[in-house]
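Student: Predicted coordinates and the sequence they were generated for:
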Amino acid sequence: MRMAPGGPFDGERKLPPEIEANLLAAYNMDQPLYLQYFDYLAGLLVGDFGPSFKYKDFTVTELIWSGFPISFELGMWAMLIGIIFGIGFGCYAALRQNTPGDYLVMSTAMAGIAIPNFVMAPILTLVFGVMLGWLPAGGWNDGAWQNKVLPILALALPQVAYIARMTRGSMIEVMGAQFIRTARAKGISERKVVTRHALKSALLPVISYLGPATAGVITGSVVIEQIFGIPGIGRYFVQAALNRDYTLVMGTVVFYGGLIILFNLLVDLIYGWLDPQIRYE
């Protein structure tokens, strides 16, 4: 960020040198870069992300916590949809391997992976917001459910595709394992073989993916929130980068990194519940 041209106090009209010097001194930006770095680390130890350079009278912590509930709500709904439909479609394709249904599901999933968010979101807006007029094309409107549908769909569709492909591959491998053949030999119904024996083992790779994926979706896609005009963490990050708001950029990155650590920890704990062979000393 510091190597990018411009600074947080640059604008269309250049400030007088004495005013710019006062601003730099007020934010400790007149010190050497290594001293600014250690000052920032000292603030992090007490949970202080510093003031925002562009949002006057707001600290970075206040901005993050104002946008986090919105990003959290959209992200959780998107991941819930991704998990339910992704696992469902993946199991359907695995149990009907090399059939037209399998090819249809996997082709659709591959298209969902290949089409990026910045293409899918405008398509959804064009079809459901402009052409059909069923849903608002953008805006937040104090959290009205109509304004949440398109952003949630845009966030959920790639997750459905990724989870479906991983579930299918893992499920096919597990269904050929020795313990599945043993369960069938004991006369256990196919439904119980799939739900009680195969599915838990097949979900381990999916659980590994869900850790960082959930953190990424919950903190808000920078593209989705920018396209739909949603005041979440992702939109703050984009605006901070454009405005050279160094503290807000670093604050959102540190917050995002903390979420990744938290969700990876939850993934490790879920591993122990899904697979009794895994033990933690």
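Tutor: Arrived safely, thanks for sending.
Student: Any buried residues in the lowest-mean-pLDDT helix or strand in the chain, and which?
Tutor: For the chain, scoring each helix and strand by mean pLDDT, DSSP states H and E identifies helix 17-26 as the least confident one, at a mean of 72. Along helix 17-26, the positions that meet the burial threshold by neighbour count (16 or more other CB atoms under 10 Å) are L23. For every residue, glycine as well, the C-beta is placed using N, CA and C.
Student: Check which helices and strands the next helix or strand after it sits against.
Tutor: Next helix or strand after helix 17-26 toward the C-terminus (DSSP states H and E): helix 33-45. Helices and strands touching helix 33-45, by 3 or more CB pairs under 8 Å, 6 or more residues apart in numbering; DSSP states H and E, are helix 246-274.
Student: any idea of the mean pLDDT in the helix it packs on?
Tutor: Over the span of helix 246-274, the pLDDT mean works out to 82.
Student: packing partners for it?
Tutor: In terms of contact count using 3+ CB pairs under 8 Å, 6+ apart, helix 246-274 is assigned the packing partners helix 33-45, helix 60-95, helix 204-218, helix 233-243.
Student: how about a cut-off of 10 Å?
Tutor: helix 33-45, helix 60-95, helix 199-202, helix 204-218, helix 233-243 (3 or more CB pairs under 10 Å, 6 or more residues apart in numbering; DSSP states H and E).
Student: Could you export those as TSV, including mean pLDDT and distance to G257?
Tutor: Formatted as TSV, the entries for the helices and strands packed on helix 246-274 read as follows, by pLDDT from 0 to 100; distance: least, CB to CB, whole Å:
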stretch	mean pLDDT	distance to G257
helix 33-45	85	11
helix 60-95	87	13
helix 199-202	78	30
helix 204-218	80	9
helix 233-243	80	13
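Student: Using CSV, please lay out these together with distance to A25.
Tutor: What follows is these, written out as CSV (distance: least, CB to CB, whole Å):
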stretch, distance to A25
helix 33-45, 12
helix 60-95, 20
helix 199-202, 59
helix 204-218, 37
helix 233-243, 20
